[in-house]
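Q: fold the stuff below for me.
(one chain, ligands or ions: 1)
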Amino acid sequence: MTNLPPPGTVLGRLEDLPDPGARASAWNDGAVILVRRGPTITAFLNTCPHAQRPLNLPGGKVMLHEGAFIVCPVHGASFAATDGT
Ligand code: FES
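A: Residues are numbered from 1 along each chain as shown. Down below sits the predicted model:
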């Protein structure tokens, strides 16, 4: 079963998230990534489905191509920042 943060969990501070931008959360050693696009913040599990590696770089930064696609730093898979497809 997937380990999700319980309701009400603080995942990070808005001022630490660039717009547009993405970062690993402060919660559970970066188990979630947060994507900011304007007024919308979306959270995704921080695991690439290809080889189950984290989507963040050292220091928590997440590559967000053109503000629209999360890019895995391991082999370059891309995921829509809106719904993860
Ligand atoms: S682990 Fe992400 S693309 Fe391979």
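
Q: just the pLDDT for the most centrally placed residue in the chain.
A: Centrality entry for the chain: nearest residue to the mean C-alpha point is I33, 2.3 Å, by C-alpha atoms, centre = their mean. With respect to pLDDT, I33 has a value of 96.

Q: ok, the helix or strand containing L64: who's next to it in the sheet?
A: Element membership of L64, judged by DSSP states H and E, is strand 63-65. Next to strand 63-65 in the sheet, as set by DSSP bridges, lie strand 69-71 (antiparallel).

Q: list the contacts of the residue nearest to the centre of the chain.
A: 22-25, 43-46, 55-56, 62, 70 (C-beta atoms under 8 Å, 6 or more residues apart in numbering). (Each C-beta comes from the backbone N, C-alpha and C, glycine too.)

Q: so where is the protein shaky, pLDDT-wise?
A: 1-2 (pLDDT under 70).

Q: interface residues of it facing the ligand?
A: Neighbours of the ligand within the chain, by C-beta under 6 Å from any ligand atom: 48, 50-51, 53, 72, 74-77.

Q: could I get the contacts of I33 as JSON lines with secondary structure and neighbour count?
A: Output for these, formatted as JSON lines (DSSP: H, G, I helix; E, B strand; the rest coil; neighbours: other C-beta atoms under 10 Å):
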{"residue": "A22", "secondary structure": "strand", "neighbour count": "25"}
{"residue": "R23", "secondary structure": "strand", "neighbour count": "23"}
{"residue": "A24", "secondary structure": "strand", "neighbour count": "23"}
{"residue": "S25", "secondary structure": "coil", "neighbour count": "23"}
{"residue": "A43", "secondary structure": "strand", "neighbour count": "16"}
{"residue": "F44", "secondary structure": "strand", "neighbour count": "18"}
{"residue": "L45", "secondary structure": "strand", "neighbour count": "15"}
{"residue": "N46", "secondary structure": "coil", "neighbour count": "21"}
{"residue": "L55", "secondary structure": "coil", "neighbour count": "22"}
{"residue": "N56", "secondary structure": "strand", "neighbour count": "20"}
{"residue": "V62", "secondary structure": "strand", "neighbour count": "23"}
{"residue": "I70", "secondary structure": "strand", "neighbour count": "23"}
